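A.B. asks: could you look at this predicted model? Sequence included:
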Amino acid sequence: MESLILLINEIQRACTALGDYGGGNNALTSLWEALPTVAVVGGQSSGKSSVLESIVGRDFLPRGSGIVTRRPLVLQLHKTDNGTEEYAEFLHLTNKKFTNFALVRKEIEDETDRITGNGKNKQISPVPIHLSIFSPNVVNLTLVDLPGLTKVAVDGQPESIVEDIESMVRSYVAKPTCLILAISPANQDIATSDAMKLAKEVDPTGERTFGVLTKLDLMDKGTNALNVIEGRSYRLQYPWVGIVNRSQEDINKNVDMMVARRKEREYFETSPDYGHLAARMGSEFLAKLLSKLLESVIRSRIPSILSSINKNIEELERELDQLGRPVAIDAGAQLYTILGMCRAFEKIFKEHLDGGRPGGARIYGIFDYNLPGAIKQLPLDRHLSLQSVKRIVSESDGYQPHLIAPELGYRRLIEGSLDHFRGPAEASVNAVHLILKELVRKSIAETEELKRFPSLQIELVAAANSSLEKFREESMKSVLRLVDMESSYLTVDFFRKLHAESQAVSMSSPTTTIDQYGEGHFRKIASNVAAYIKMVAKTLVNTIPKAVVHCQVRQAKLSLLSYFYAQISQSPGKRLGQLLDENPALMERRMQCAKRLELYKKAKDEIDAAVCVG
Ligand SMILES: Nc1nc2c(ncn2[C@@H]2O[C@H](COP(=O)(O)OP(=O)(O)OP(=O)(O)O)[C@@H](O)[C@H]2O)c(=O)[nH]1
């Protein structure tokens with residue numbers, strides 16, 4: 001049975017080492033919360049420290065005015081064989097044995113100040129100090145000493161300290177696994193006891209509250225506390241325990257704790273008021289009672305502790321799976337990890353283009369709708385207006401008007417018209433570039449594996465965008481070249497056919513004479529050029545998309561990350577590590593989950609083993 005208290009002690013220590021000390025201090029579920037404890041609660045000067053020291057049989061707690069206890073003190077008592085030396089150990093100072101208890105007091109004070117500050121503005125902190133005492137004079141028991149409940153802040157402490165203390169104490173006593181050791185002084189009206197007030201709130205049926213009445217010796221002559229001790233004033237499931245601690249005078253005179261224990265025993269044995277209750281009064285009885293009860297509470301709680309542990313193990317394993325396993329340290333494995341993620345990203349990117357995911361259709365929209373629409377809206381009518389045609393043709397003729405057909409005029413009119421096609425060609429390239437960039441961004445966001453690595457995400461976006469930029473330049477050159485090619489060499493057949501047709505017309509109606517320099521002549525030129533441009537437009541509407549797809553879309557599918565791959569395979573390990581530099585919050589979370597998981601697994605094994613033995 002005893003091993004159960006020691007086991008819970010072990011788990012408690014492990015919890016604190018991992019930052020799990022309840023009170024919602026951590027987003028992770030708390031094992032600490034599930035562990036049964038005994039919390040010592042009382043108003044200031046109620047005699048809390050004295051009771052604890054009496055239970056331990058040693059002088060070791062800090063004394064002074066104001067709020068002395070400012071961090072919870074988890075006091076784990078381990079009974080050792082008679083004749084062995086007493087010593088104390090702190091969790092924060094492992095491997096240091098304290099045999100001088102005055103130094104224990106000093107260390108509690110120093111360790112308290114380490115976290116709460118030692119200036120005027122002393123704060124409180126929920127981070128517990130763990131102290132283990134090994135002694136033949138103790139029973140196996142774990143108690144948590146908490147700051148004394150107070151009504152007013154003193155010594156320049158912030159006003160909020162009153163509430164802070166209460167909420168810290170409440171966070172301990174509110175949990176159903178906590179036994180409440182409620183200390184009240186007998187020389188005050190029990191109705192005004194801070195400890196009982198809080199205990200009543202969190203444990204209204206009194207099933208886990210131990211009423212302890214101190215300072216029985218300080219009651220006015222002729223009065224006694226039998227009404228309380230016999231449960232008439234305040235009914236609890238467990239009988240009240242009366243205590244007589246050392247008085248201030250005894251403390252000043254350094255009265256030995258063992259002597260004080262003996263004097264307390266004598267007090268009850270010889271007391272006319274409490275003599276009949278002597279067997280269940282005093283600090284030694286209290287310690288034994290608590291030890292027995294704590295053991296039985298722990299035993300009854302084991303199934304629920306185990307089920308809470310199992311539930312938490314499952315939750316933590318699930319979360320760790322989601323967070324992903326830690327990154328490898330050696331460069332080869334890191335490179336492998338990076339390449340794996342790149343491939344996952346490229347796969348998603350291709351799916352966007354090829355139709356597995358949305359996005360690719362928008363590119364077809366550019367070719368099918370935007371490009372023909374833009375070409376249709378080109379201001380060719382203006383360029384080929386009668387006035388403009390006349391002007392361009394006569395400018396091309398120079399001082400010698402053309403004789404049969406304005407060859408140069410035609411060329412200039414065609415070149416000028418084709419020049420307008422550069423705009424829609426460029427716009428198609430740019431629009432597809434933007435869609436590709438957007439798809440890169442989307443694909444990065446959709447690559448689950450990359451979520452953990454913000455630096456790698458940034459690098460991949462930059463590498464992909466710089467490739468896309470190069471593809472855009474190539475594509476731009478190609479589409480403009482297509483337009484230029486149409487200007488460089490005109491389709492001879494088109495004009496020969498036109499000429500042949502007009503000859504046929506004039507032969508069939510010889511009366512029709514075309515006025516060589518009249519308006520009809522220029523209208524004819526305009527309509528010939530317009531017809532030619534219409535034919536070329538039909539070609540370009542088909543060839544521009546071919547160039548764009550060839551230079552941008554196809555290249556993006558083939559070699560979006562080629563340059564990145566070449567670079568990364570030559571990168572030193574340090575750079576790979578930087579790329580796999582995870583989000584720090586995520587790393588921290590994973591570390592916490594992993595540690596917590598380890599704690600739970602160990603606790604489970606130990607409890608299983610203890611239950612088997614028990
Ligand atoms: N005569 C007598 N004095 C007691 C008894 N219990 C405590 N005292 C005295 O009451 C004073 C306060 O006792 P502490 O044990 O320091 O009380 P505390 O609740 O720990 O006080 P804080 O830590 O200041 O909140 C000390 O001077 C003790 O000597 C008792 O049963 N009888």
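C.D. replies: Looks like it came in fine.
A.B. asks: around the ligand, which positions in the protein sit nearby?
C.D. replies: 42, 44-50, 68-69, 148, 214-215, 217-218, 243-248, 251 (CB under 6 Å from any ligand atom). Any C-beta I mention is one placed from the backbone N, CA and C, and that applies to glycine too.
A.B. asks: list buried residues within the residues you listed.
C.D. replies: Buried members of these, counted by 16 or more other CB atoms under 10 Å: 42, 44, 46-50, 68-69, 148, 214-215, 217, 243-246.
A.B. asks: please narrow these to those residing in strands.
C.D. replies: Gly42, Thr214 (DSSP state E).
A.B. asks: what about Val144, is that helix, strand or coil?
C.D. replies: strand (DSSP: H, G, I helix; E, B strand; the rest coil).
A.B. asks: same thing with His78?
C.D. replies: His78 is classified as strand under three-state DSSP.
A.B. asks: with the one 5 residues further on instead?
C.D. replies: Each residue gets one of three states, and Gly83 gets coil by three-state DSSP.
A.B. asks: which ones are touching it?
C.D. replies: Contact analysis of Gly83 by CB atoms under 8 Å, 6 or more residues apart in numbering lists Pro136.
A.B. asks: please tell me how far it sits from Ser135.
C.D. replies: 11 Å (CB to CB, to the nearest Å).
A.B. asks: okay, now the unreliable bits of the stretch 101-250 of the chain?
C.D. replies: Under the criterion pLDDT under 70, the flagged ranges of the stretch 101-250 of the chain are 118-122, 155-156.
A.B. asks: just the helices in it please.
C.D. replies: Along the stretch 101-250 of the chain, the stretches classed as helices by DSSP state H, counting those that start in this stretch are 101-116, 161-173, 194-202, 226-229, 248-252.
A.B. asks: which secondary structure elements does the first one sit against?
C.D. replies: Same thing as helix 101-116. strand 87-90, strand 129-135 (3 or more CB pairs under 8 Å, 6 or more residues apart in numbering; DSSP states H and E).
A.B. asks: could you say which one of those strands comes nearest to Ala547?
C.D. replies: strand 129-135 (74.2 Å; CB to CB).
A.B. asks: would you mind writing the CA trace of that closest one as PDB?
C.D. replies: The C-alpha coordinates for strand 129-135 follow below in PDB (Å, rounded to 0.1, in the frame of the first residue of the first chain):
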ATOM      1  CA  ILE A 129       8.700  24.000  -4.800                       C
ATOM      2  CA  HIS A 130       9.200  20.300  -4.200                       C
ATOM      3  CA  LEU A 131      10.700  19.200  -1.000                       C
ATOM      4  CA  SER A 132      11.200  15.600   0.100                       C
ATOM      5  CA  ILE A 133      12.000  14.800   3.600                       C
ATOM      6  CA  PHE A 134      13.300  11.400   4.500                       C
ATOM      7  CA  SER A 135      13.000  10.600   8.200                       C
END
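A.B. asks: what's the angle from that strand to helix 101-116?
C.D. replies: For strand 129-135 against helix 101-116, the angle by axes from the mean of the first three to the mean of the last three CA atoms, to 10 degrees is 170 degrees.
A.B. asks: which strand or helix spans the residue in the stretch 301-450 of the chain positioned nearest to the ligand?
C.D. replies: The nearest approach of the stretch 301-450 of the chain to the ligand comes at Arg301, 28.7 Å away (CB to the nearest ligand atom). Using DSSP states H and E, Arg301 falls within helix 283-323.
A.B. asks: just Leu371 next, same as before
C.D. replies: Short version, using DSSP H and E: Leu371 is in helix 371-376.
A.B. asks: which elements pack onto the next helix or strand along the chain from that helix?
C.D. replies: Scanning forward in sequence from helix 371-376 by DSSP H and E, the next helix or strand is helix 380-383. Identification of packing neighbours for helix 380-383 by 3+ CB pairs under 8 Å, 6+ apart yields helix 407-419.
A.B. asks: so which other helices or strands are in contact with the helix it packs on?
C.D. replies: Partner elements for helix 407-419 (3+ CB pairs under 8 Å, 6+ apart): helix 380-383, helix 386-397, helix 454-488, helix 519-548.
A.B. asks: can you point out the buried residues in the shortest one?
C.D. replies: Within helix 380-383, the residues that count as buried by 16+ other CB under 10 Å are Leu380, His383.
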